[in-house]
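Trainee: Below: sequence and its predicted model.
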Amino acid sequence: MTLDGKIATAERRKFDLSSREDRRRMAALRDSAGALIVGAGTLRAEDPPPFVRGQKRPGKGRCGPFAWVILTRSLEVPAASRVLRSDEIEKIIVAPEGAGTEAQEHALRAVAEVWRIGRGEIDLAALLGRLRERGIRRVVVEGGGKVNFSFLQAGLVDEVYVTLCPYLLGGAAAPTLADGAGFSNASAPHLALLGLERVEEEVFLHYRCERRA
């Protein structure tokens, strides 16, 4: 994120914050997990390339192929995106009951699994439970900001990794690391700093999320 906490422009367009070192660290973090979770909005806005996990190493709590888990409340997921076209990863689209149309679901089932979890909103705890049944014990949640906030609000985040980049974007409408409704003084999660490292103009931060009462 930028120094003012933004992850994209006020027009919600991607701003390239990533450096070679940041990409290297992100690849290592992804490689330590069994699944990557993103919102459908990120897929629509950025059409990211499908990350494929590298050589499996023991002791990392991983099992089976790497999975991309795409969260949506509308089933408006671009079936032509690079992630959904990939044959090298598992693809799971997760939506609440009643979201979208039968035609949308039918089209998406041709390229991915479709899970219905929760009513009105996706039940994130139930989602993680189902992934665990699948053998996936560690996931990386990559956003966008509303998805990040939802996991934080549900108390389901163990660790937070932040790359602080030397830019200022501004803009009240620009998405931040954690969007959504926001926390009150009493509900804001407290984080304990586990690591801090400077590499050239970037600062890499690693926190543990402490549980709220």
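Mentor: That came in fine, so what should we check first?

Trainee: going forward, measure contacts between C-alpha atoms and count neighbours the same way
Mentor: Fine.

Trainee: just for the protein, where's the confidence low?
Mentor: Within the chain, the stretches with pLDDT under 70 are 54-64, 211-213.

Trainee: ok, residue 160 touching residue 208?
Mentor: Yes: Residue 160 sits in contact with residue 208 when judged by CA atoms under 8 Å, with a separation of 6.3 Å.

Trainee: Contacts only, for residue 18.
Mentor: Contacts here follow CA atoms under 8 Å, 6 or more residues apart in numbering; on that basis residue 18 touches nothing.

Trainee: how near is it to residue 82?
Mentor: 20 Å (CA to CA, to the nearest Å).

Trainee: swap in residue 190?
Mentor: Here the criterion is CA to CA. By it, residue 190 lies 36 Å from residue 82.

Trainee: can you give me the strands in the chain?
Mentor: Remark: strands assigned in the chain by DSSP state E are 35-39, 67-71, 90-97, 113-119, 139-141, 159-164, 190-199, 202-210.

Trainee: Just say which of those is most tucked in.
Mentor: For these, the stretch with the most neighbours on average is strand 67-71, a mean of 24; neighbours defined as mean count of other CA atoms under 10 Å.

Trainee: how far off strand 90-97 does it point, in degrees?
Mentor: 20 degrees (axes from the mean of the first three to the mean of the last three CA atoms, to 10 degrees).

Trainee: How about exporting strand 67-71 as CSV, limited to the C-alpha atoms?
Mentor: Coordinates of the C-alpha atoms in strand 67-71 are reproduced here as CSV (Å, rounded to 0.1, in the frame of the first residue of the first chain):
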residue,chain,number,x,y,z
ALA,A,67,-6.5,-23.3,-5.4
TRP,A,68,-7.8,-19.9,-6.3
VAL,A,69,-10.9,-19.0,-4.3
ILE,A,70,-13.0,-16.2,-5.8
LEU,A,71,-15.6,-14.5,-3.6
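
Trainee: Who are the packing partners of that strand?
Mentor: Packing contacts for strand 67-71, counted by 3 or more CA pairs under 8 Å, 6 or more residues apart in numbering; DSSP states H and E, involve strand 35-39, strand 90-97.

Trainee: closest one to residue 154 among these?
Mentor: Ranking the helices and strands packed on strand 67-71 by proximity to residue 154 (CA to CA) places strand 35-39 first, at 15.1 Å.

Trainee: what residues does that closest one touch?
Mentor: Looking at strand 35-39 with CA under 8 Å, 6+ apart, the contacting residues turn out to be 30, 66-72, 136, 138-144, 147.

Trainee: Residue 99 is in contact with residue 76, isn't it?
Mentor: No: using CA under 8 Å, residue 99 and residue 76 do not qualify as a contacting pair, with a distance of 9.5 Å.

Trainee: More neighbours: the two, which one.
Mentor: More crowded of residue 99 and residue 76, by other CA atoms under 10 Å: residue 99, with 19 against 16.

Trainee: Tell me the spacing between the more buried one and residue 115.
Mentor: From residue 99 to residue 115 the distance is 11 Å (CA to CA).

Trainee: Compute the inter-axis angle for the longest helix that the chain contains and strand 190-199.
Mentor: Secondary structure of the chain read by DSSP state H shows that its longest helix is helix 20-31. In terms of direction (the same axes, to 10 degrees), helix 20-31 departs from strand 190-199 by 130 degrees.

Trainee: then helix 20-31 to PDB, C-alphas only?
Mentor: Included here for helix 20-31 are C-alpha records, laid out as PDB according to Å, rounded to 0.1, in the frame of the first residue of the first chain:
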ATOM      1  CA  ARG A  20      10.800  -7.100  -7.800                       C
ATOM      2  CA  GLU A  21      11.500  -7.700  -4.100                       C
ATOM      3  CA  ASP A  22       7.800  -7.300  -3.300                       C
ATOM      4  CA  ARG A  23       6.900  -9.800  -5.900                       C
ATOM      5  CA  ARG A  24       9.500 -12.300  -4.700                       C
ATOM      6  CA  ARG A  25       8.200 -12.100  -1.100                       C
ATOM      7  CA  MET A  26       4.600 -12.400  -2.300                       C
ATOM      8  CA  ALA A  27       5.400 -15.500  -4.300                       C
ATOM      9  CA  ALA A  28       7.100 -17.100  -1.300                       C
ATOM     10  CA  LEU A  29       4.000 -16.200   0.900                       C
ATOM     11  CA  ARG A  30       1.700 -17.700  -1.700                       C
ATOM     12  CA  ASP A  31       3.800 -20.800  -2.000                       C
END
